[in-house]
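Peer 1: Structure of the sequence below:
(chains A and B, ligands or ions: 3)
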Amino acid sequence: MALLDIKNLTLEISGSTGWMKALDKVNLRIEEGEIRALVGESGSGKSLIVRAIVGAIPDNWRITADRLTWRGRDLLTISRSERRKIMRSEIAVIFQNPVSSLDPSATLGEQLMESIPRQIVADTWFWQRRKKRLQIAIKLLHKVGIKDHQKYLHAYPHQIADDIAQKFLIACALVSSPQLLIADDPTRGMEITTKIQVLKLLSQLNKTRNLSILFVSHDLLAISSMANKMTVLYCGQTVEDGKMVQLRKRPLHPYTKALLDSAPSFRKDLPPKSPLTTLDGTIPTLQHLPIGCRLGPRCPRAQKECVKVPELRHVQDHFYSCHFPLIREKE
Amino acid sequence: MTTLLRVEDLEFKQKPKRGFFKKQSKFTLSKVSFELNAGETLAILGENGSGKSLLGKLLVGAEVPSGGHIYLNGQKLSPYNLKQRCLNIRMVFQHSNESLNPGINVAKILGNPLILNTKLNASERQKKIEDTLKLVGLLPDHMFFYRHMLSDGQRQRLALAKALILDPQVIVADEPFAALDPSVRSQTINLIMKLQKDLGLGFIFISHNLGIIRHISDRVLIMQDGNLVETGKTDVIFNWPKSEYTEKLIKSHQSLITPR
Ligand SMILES: Nc1ncnc2c1ncn2[C@@H]1O[C@H](COP(=O)(O)OP(=O)(O)OP(=O)(O)O)[C@@H](O)[C@H]1O
Ligand code: SF4
Ligand SMILES: [Mg+2]
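Peer 2: Ligands and ions are numbered 1, 2, ... in the order given. Predicted structure coming up:
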């Protein structure tokens, strides 16, 4: 059984022009112990999927799905308190913008110690609890590679560098030993050496704790270095889904191909300074969504049929939705 | 090939400012020298806080160096003749949003530097704005747009247009691609490479993205803690890095691209 299973998730936001489908029949599955990447351009709806999983959906949004389950439990129908319990102990989330998701008025030490659940220190005498919490906090910081705990436990969020903030948030997320870690854009803007540290840390947690990870990003290099599976999102629609190696070797959807081509590092044959292949135009806004396949206006392979939303099809465990995938035509 | 820009022993010592964050108050940039030919690209690489952005600001004259010289086409630039510098070396800032005033439309954003720095009349200015918009792949219609009506990619193009409108010889850009989506990023890179071919523009950019650096730059300059670590031809630096630091950066990058 999958840990997280999302089938045909649709999320509508009401705007001045009526209901806008910000997510349109999105599919996403996370198995135990795997690292899944969720890839897509800015505004494609990655963070909205995260919000739908977490349940941070305002009342005036409409959310429907054939399936939205966590270890078999239906997240759309369970009670709020049940859901909060899951979010507290089974799924941990690191939101985009690490520094702004910290409380600016408390030191890192206070925030981390506070997030340690009462059960963990319950078997200690209450006068020893603070000390116990401190020990746990220090251990967690070491685990995520923050060695100088003295310095950082007493620091305020605005005094620390972005990569420390990111590692610190990972430490907070680990407090409750979750089964799934959702990291929304954890390496944005990082320089290469710190990025590698954070990626290594995540891979290591995946291996040693069997922690499943949903890695949300458009940093293809980071993704392909660590993820096992990848889901590609374009403009609120899942366009392709499969094993990382397979997608990299043989993308079936024109958008995935364009995305992979945009990273010069992946293309060994590319002469220096030659033009990069890319799609024209930019991702449309929710107010101006094209009908049918949303890549239509930018797609080099688009034809008449593309005004209809393509069905989800698959070759073994490689899923795609495109009328004219990049499969060599049958002879 | 002609040397477009020559930088000799450029250095910077910050005078301590009151109320400023402690760590940065004594920042010094020790002597930096390099050369750039017309149509060439130089990439500046280094950690956050290593002095990359400061170097960029020294080049465009947004900060005054404490020593050293900058020569443009063999002619020495005086730190006080800002006007000449402004016309020839232009900066595209890290967050294009900040340099684009949300309250005025595109025609004004592009028109103001022309009013300030040239003697063009209204219709000549109009023509120049249209030409520049086309140059960066925008439309004359975009003149009546405000910032919020443009997509990220279009904003980046507009920021570039704003830098290009005075026909500079060199453009300095601070992380111009970091905030862009993959497809828009490739579009922007292609655009810059085309402008270099067509206009002989010198391009200096600061970036963390070694993949892009390797693809588009002719030379690389690596900084650490305000010091120049090494500089040279891209190909040479990537294949035979001299310093340990550079080697570490390149190895890190390689480790990401080689499939496990
Ligand atoms: N609170 C909101 N109200 C209205 N529209 C919203 C809201 N939040 C997000 N959207 C819209 O939903 C779409 C998807 O946004 P989302 O934040 O999920 O993008 P993303 O894929 O996470 O992008 P990024 O890579 O920039 O983080 C966008 O078009 C965005 O404008
Ligand atoms: S369905 Fe049509 S428009 Fe969409 S990606 Fe496939 S070919 Fe392109
Ligand atoms: Mg997001």
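
Peer 1: Please enumerate the strands of the chain.
Peer 2: Answering for chain A, as no chain was given. Secondary structure of chain A (DSSP state E): strands at A:4-15, A:18-30, A:35-39, A:61-64, A:67-70, A:73-74, A:91-94, A:180-184, A:212-217, A:229-234, A:237-243, A:313-315, A:318-320.

Peer 1: switch to chain B, that's the one I care about
Peer 2: B:3-13, B:28-37, B:41-46, B:67-72, B:75-76, B:89-92, B:170-174, B:202-206, B:219-224, B:227-233.

Peer 1: Need those strands in a markdown table (columns: distance to ligand 1, mean pLDDT and mean neighbour count).
Peer 2: No exception for glycine: its C-beta is placed from N, CA and C like everyone else's. A markdown table is the format used below for the strands of chain B (distance: least, Cβ to the nearest ligand atom, whole Å; pLDDT from 0 to 100; neighbours: other Cβ atoms under 10 Å in any protein chain shown):
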| stretch | distance to ligand 1 | mean pLDDT | mean neighbour count |
| --- | --- | --- | --- |
| strand B:3-13 | 35 | 91 | 18 |
| strand B:28-37 | 33 | 91 | 18 |
| strand B:41-46 | 25 | 94 | 26 |
| strand B:67-72 | 38 | 90 | 16 |
| strand B:75-76 | 44 | 86 | 10 |
| strand B:89-92 | 21 | 88 | 23 |
| strand B:170-174 | 20 | 92 | 24 |
| strand B:202-206 | 22 | 94 | 24 |
| strand B:219-224 | 29 | 94 | 23 |
| strand B:227-233 | 33 | 93 | 17 |
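
Peer 1: just so I know, which of those strands lies nearest chain A?
Peer 2: Taking Cβ to the nearest Cβ, strand B:41-46 is the member of those nearest to chain A, at 8.1 Å.

Peer 1: Residue ranges in chain B under the pLDDT threshold?
Peer 2: Under the criterion pLDDT under 70, the flagged ranges of chain B are B:1, B:15-26, B:79, B:94-98, B:152, B:259-260.

Peer 1: all helices for it, in order.
Peer 2: With helices called from DSSP state H, chain B shows them at B:52-60, B:82-88, B:96-99, B:106-117, B:122-135, B:152-164, B:182-199, B:210-216, B:234-239, B:244-257.

Peer 1: Looking at chain B, what residue ends up closest to ligand 3?
Peer 2: When scored by Cβ to the ion, chain B has B:Asp181 as its residue closest to ligand 3, at 11.8 Å.

Peer 1: Span of stretch B:156-170 from start to end?
Peer 2: End-to-end span of stretch B:156-170 (Cα to Cα, to the nearest Å): 17 Å.

Peer 1: Near chain B, which residues of the stretch 1-150 of chain A? Just list them.
Peer 2: A:41-42 (Cβ under 8 Å from any Cβ of the partner chain).

Peer 1: give me that answer again for 10 Å
Peer 2: Counting by Cβ under 10 Å from any Cβ of the partner chain, the residues of the stretch 1-150 of chain A lying close to chain B are A:39-44.

Peer 1: ok, the single nearest residue of the stretch 1-150 of chain B relative to chain A - how many residues close by?
Peer 2: Closest contact between the stretch 1-150 of chain B and chain A, by Cβ to the nearest Cβ, is at B:Glu47 (5.7 Å). For B:Glu47, the count of nearby residues is 18 (other Cβ atoms under 10 Å in any protein chain shown).

Peer 1: correct me, but it touches B:Ser53?
Peer 2: No: with contact defined as Cβ atoms under 10 Å, B:Glu47 does not count as touching B:Ser53 (11.7 Å).

Peer 1: Which residues of chain B lie near ligand 1?
Peer 2: Within chain B, no position lies close to ligand 1 (Cβ under 6 Å from any ligand atom).

Peer 1: can we see that at 8 Å?
Peer 2: Applying Cβ under 8 Å from any ligand atom, we find that chain B lies next to ligand 1 at B:Asp181.

Peer 1: who touches the closest residue to ligand 2 within chain B in this structure?
Peer 2: Proximity of chain B to ligand 2 (Cβ to the nearest ligand atom) peaks at B:Ser183, 13.4 Å away. Contacts for B:Ser183 (Cβ atoms under 10 Å, 6 or more residues apart in numbering or on different chains) come out as A:41, A:255, A:258-259, A:261-262, A:276-283, A:298, B:153.

Peer 1: if we can go back for a sec, for B:Val7, find the nearest of the helices of chain B.
Peer 2: Closest to B:Val7 of the helices of chain B is helix B:52-60 (Cβ to Cβ; 7.4 Å).

Peer 1: chain center to the closest one, what's the gap?
Peer 2: Distance of helix B:52-60 from the chain centroid (Cα atoms, centre = their mean, to the nearest Å) equals 9 Å.

Peer 1: residues of that helix that come out buried?
Peer 2: In terms of neighbour count (16 or more other Cβ atoms under 10 Å in any protein chain shown), helix B:52-60 has its buried residues at B:52-60.

Peer 1: Please apply the same query to stretch A:80-91.
Peer 2: Applying 16+ other Cβ under 10 Å to stretch A:80-91 flags A:83, A:86-87, A:91 as buried.

Peer 1: List the contacts of A:His314.
Peer 2: Shown in contact with A:His314 (Cβ under 10 Å, 6+ apart): A:241-242, A:252, A:320-321.

Peer 1: and the residues you listed, which two are the farthest apart?
Peer 2: By the measure Cβ to Cβ, A:Gly242 and A:Ser321 form the most distant pair in the contacts of A:His314, at 12.3 Å.

Peer 1: Put together a markdown table for the strands of chain B, with distance to ligand 3 on each row.
Peer 2: A markdown table is the format used below for the strands of chain B (distance: least, Cβ to the ion, whole Å):
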| stretch | distance to ligand 3 |
| --- | --- |
| strand B:3-13 | 37 |
| strand B:28-37 | 35 |
| strand B:41-46 | 27 |
| strand B:67-72 | 41 |
| strand B:75-76 | 48 |
| strand B:89-92 | 24 |
| strand B:170-174 | 23 |
| strand B:202-206 | 24 |
| strand B:219-224 | 31 |
| strand B:227-233 | 35 |
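
Peer 1: on that earlier part again, what sits in contact with each of A:Gly242 and A:Ser321?
Peer 2: Common neighbours of A:Gly242 and A:Ser321, using Cβ under 10 Å, 6+ apart, are A:252, A:314.

Peer 1: Could you list which residues are in contact with the residue of the stretch 1-150 of chain B closest to chain A?
Peer 2: By Cβ under 10 Å, 6+ apart, the contact list for B:Glu47 reads A:161, A:191-194, B:208, B:223-225, B:245, B:249.

Peer 1: Ok, A:Lys46 next?
Peer 2: So A:Lys46 contacts A:23, A:38-40, A:96, A:184-185, A:214, A:216-218, A:231, A:233, A:236 (Cβ under 10 Å, 6+ apart).

Peer 1: at 6 Å instead, please
Peer 2: Residues near A:Lys46 by Cβ atoms under 6 Å, 6 or more residues apart in numbering or on different chains: A:38, A:40, A:216.

Peer 1: Let me see the contact set for the closest residue to ligand 2 within the stretch 1-150 of chain A.
Peer 2: Across the stretch 1-150 of chain A, the shortest distance to ligand 2 (Cβ to the nearest ligand atom) belongs to A:Asp24, at 12.9 Å. Taking Cβ under 6 Å, 6+ apart, we find A:Asp24 in contact with A:10, A:236-237.
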